[in-house]
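K.L.:
Pasted the sequence and its predicted model underneath.
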Amino acid sequence: MTSLRGMTWEHPRGYDCQVAAAEEYARLTGVEVVWEFRSLQAFADAPLEVLAREYDLLVIDHPHVPLAAHEKLLARLDGCGHDRELAALAAASLGAAHGTYAHDGHQYGLATDSAAQVSVHRPDLLPSRPETWDEVLELAEQGKVLWPAKPIDAFSTLLTLAANNGTPANAVPGTFLSEQDAAPVLELMHRLAERVPEWCLEANPIEVAEALSTQDTWFYSPLSFGYSNYSRTGFRPYRLRHADIPRGPRGVAGSLLGGAGVAVSALSAQLDAARAYAFWVASPEVQAGVYYDAGGQPGYAPAWDDDRLNADSWDFFRDTRQTLEQAYVRPRCAGYMEFQDTASPWVTQALRGELTDAELIRRTARLAELLLTAEDEQRRTAPETMEETS
């Protein structure tokens, strides 16, 4: 019996759906796929080269793709007998989601899970959600707003707001945000940070969703990666409703594109079998069937258009679709993940007052010159910079 190993992250949206899908796949094909998980933070911290040696299938974040392709850690999914399926998936992409797993003309992953920063609220406590940032801040003054602002999420908000202002980060390779472009974004973030509980600066979207769905203290979060699980009956004591982000200069455009995709390790001894499972789990029937029913958040448009899924999730997919379709894609260079990991803590430090905004911009500008370059071969490390800013 063919047996594959897969690694994903610890949440029904990341793990339970893959386990249920694998059980159905084994029934249909006789091929066993054994999924394991790590915590969200441990999964993010694990070097991809280590995981690629140990697992046949990997659920990954799309910014990993350029470096992973450069280092030959992920197997190509094009030109291996699945091109018709690949073309259909590309045509069904939600905004840029599918294309983010491509690099240098080849496809290295399938966008089986699509998400972006969206708003979330408790309709039983807040019948009418804020539509603008002024309304968000007014509600926050009343102590009713939460905002996930641990380093990676604060950094994500910085990127979302900059893109929504029409001044996206890394618009020119080797740059991040100018002081002029960053100033209004950071001002809004400071105003929001002053009006939410202190623990938000250590919280991720799951922790915010848990608080909103189990307590009556808070009503709303303006920017948090959406989890359709919390919109489903019975998942938590109270259902949450997700919607587009608050409107800014570009409407609801610019939210940072998140989600996850299934990829195949280039080091797998069973490439054909691993590729076959990846395409099967990304197929419309599976995404809108066993994958969703076990807690997954589908990645492609057919599932997002599905009437059953929308009825079951309080229109999660239809109500956040515009935000996702117009989402901002992070820089597509090999040094990006190192940049994100290094710069994210600085944003939260600035929100705490431990770092000035000017110093934050100075540091990110210097780091961008080193890491956010257009060509892989330009990527280099800067130990003196890391030592200075650690």
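P.N.:
Noted; the coordinates are in hand.
K.L.:
Tell me the spacing between Ala209 and Ser224.
P.N.:
Counting by C-beta to C-beta, to the nearest Å, the gap from Ala209 to Ser224 is 7 Å. For glycine as for every other residue, the C-beta is placed from the backbone atoms N, C-alpha and C.
K.L.:
any residues in contact with both of those two?
P.N.:
Val120 (C-beta atoms under 8 Å, 6 or more residues apart in numbering).
K.L.:
higher neighbour count, those two?
P.N.:
Using other C-beta atoms under 10 Å, the more surrounded residue of Ala209 and Ser224 is Ser224, with 29 against 26.
K.L.:
excluding its backbone neighbours, what's nearest the more buried one?
P.N.:
Pro205 (4.3 Å; C-beta to C-beta, 6 or more residues apart in numbering).
K.L.:
Please settle this for me: is Phe37 part of a strand?
P.N.:
Yes: residue state for Phe37 (DSSP: H, G, I helix; E, B strand; the rest coil) corresponds to a strand.
K.L.:
ok, now which ones touch Ser231?
P.N.:
Counting by C-beta under 8 Å, 6+ apart, Ser231 touches Arg239, Leu240, Arg241, His242, Ser313, Trp314, Phe316.
K.L.:
so the residue nearest to Ser224 touches Asn229, yeah?
P.N.:
No: with contact defined as C-beta atoms under 8 Å, Pro205 does not reach Asn229; the gap is 11.4 Å.
K.L.:
Run through who's touching stretch 158-166.
P.N.:
117, 168-169, 177, 181-182, 184-186, 188-189, 223, 245, 248-250, 252-256, 328, 330, 347.
K.L.:
could you redo the last one with a cut-off of 6 Å?
P.N.:
Here stretch 158-166 makes contact (C-beta atoms under 6 Å, 6 or more residues apart in numbering) with 117, 168-169, 177, 185, 248-250, 254-256, 328, 347.
K.L.:
Now find how far off-centre that stretch is within its chain.
P.N.:
Centre-to-centre, stretch 158-166 and its host chain are 16 Å apart (C-alpha atoms, centre = their mean, to the nearest Å).
K.L.:
List the buried residues of that stretch.
P.N.:
Going by neighbour count (16 or more other C-beta atoms under 10 Å), the buried part of stretch 158-166 is Leu158, Leu159, Thr160, Leu161, Ala162, Ala163, Asn164, Asn165.
K.L.:
next one: stretch 200-214
P.N.:
Going by neighbour count (16+ other C-beta under 10 Å), the buried part of stretch 200-214 is Cys200, Leu201, Ala203, Asn204, Pro205, Ile206, Glu207, Val208, Ala209, Ala211, Leu212, Ser213.
K.L.:
go on, stretch 356-373?
P.N.:
Buried, per 16+ other C-beta under 10 Å, within stretch 356-373: Asp357, Leu360, Ile361, Arg363, Thr364, Ala365, Leu367, Ala368, Leu370, Leu371, Leu372, Thr373.
K.L.:
Using the three-state scheme, assign Ile157.
P.N.:
Wrong residue type there; residue 157 is Thr, not Ile. Going by three-state DSSP: Thr157 is helix.
K.L.:
Check the gap between it and Asp16 for me.
P.N.:
Relative to Asp16, Thr157 is positioned 28 Å away (C-beta to C-beta).
K.L.:
Could you tell me how far stretch 52-65 lies from the centre of the chain?
P.N.:
Distance of stretch 52-65 from the chain centroid (C-alpha atoms, centre = their mean) equals 15 Å.
K.L.:
helices or strands next to the longest helix anywhere in the chain in the packing?
P.N.:
What stands out as the longest helix in the chain, according to DSSP state H, is helix 336-352. In terms of contacts (3 or more C-beta pairs under 6 Å, 6 or more residues apart in numbering; DSSP states H and E), helix 336-352 is packed against helix 151-164, helix 357-371.
K.L.:
Not counting its neighbours along the chain, what's nearest Arg250?
P.N.:
Residue nearest to Arg250 in three dimensions, not counting chain neighbours: Asn164, with 5.2 Å by C-beta to C-beta, 6+ apart.
K.L.:
again with Pro151
P.N.:
For Pro151, the spatially nearest residue (C-beta to C-beta, 6+ apart) is Ser344, at 3.8 Å.
K.L.:
low-scoring stretches of the chain, by residue?
P.N.:
Along the chain, segments meeting pLDDT under 70 span 40, 43-44, 374-390.
K.L.:
Okay, domains of it per the record?
P.N.:
3-115+258-313, 117-256+318-390 (automatic domain parsing).
K.L.:
can you redo the buried residues of stretch 158-166 as CSV with distance to Thr217?
P.N.:
Output for the buried residues of stretch 158-166, formatted as CSV (distance: C-beta to C-beta, whole Å):
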residue, distance to Thr217
Leu158, 27
Leu159, 29
Thr160, 25
Leu161, 26
Ala162, 31
Ala163, 31
Asn164, 28
Asn165, 31
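K.L.:
so Tyr108 makes contact with Ala69?
P.N.:
Yes: using C-beta atoms under 6 Å, Tyr108 is in contact with Ala69, at 5.4 Å.
K.L.:
between these two, which one's more packed in?
P.N.:
Tyr108 (25 against 22).
K.L.:
Let me see the backbone angles for that one.
P.N.:
Main-chain dihedrals, Tyr108, degrees, to the nearest 10: phi -120, psi 0.
K.L.:
count of residues packed around the closest residue to it other than its chain neighbours?
P.N.:
Closest residue to Tyr108 apart from its sequence neighbours, by C-beta to C-beta, 6+ apart: Leu74 at 4.3 Å. Neighbourhood size, Leu74 [other C-beta under 10 Å]: 26.
K.L.:
ok, now which ones touch Leu74?
P.N.:
Leu74 is in contact with Ala68, Tyr108, Ala263, Ala266, counting by C-beta under 6 Å, 6+ apart.
K.L.:
Turn those into JSON lines, columns for distance to Val196 and secondary structure.
P.N.:
Listed next are these as JSON lines, based on distance: C-beta to C-beta, whole Å; DSSP: H, G, I helix; E, B strand; the rest coil:
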{"residue": "Ala68", "distance to Val196": "35", "secondary structure": "helix"}
{"residue": "Tyr108", "distance to Val196": "38", "secondary structure": "coil"}
{"residue": "Ala263", "distance to Val196": "35", "secondary structure": "strand"}
{"residue": "Ala266", "distance to Val196": "43", "secondary structure": "coil"}
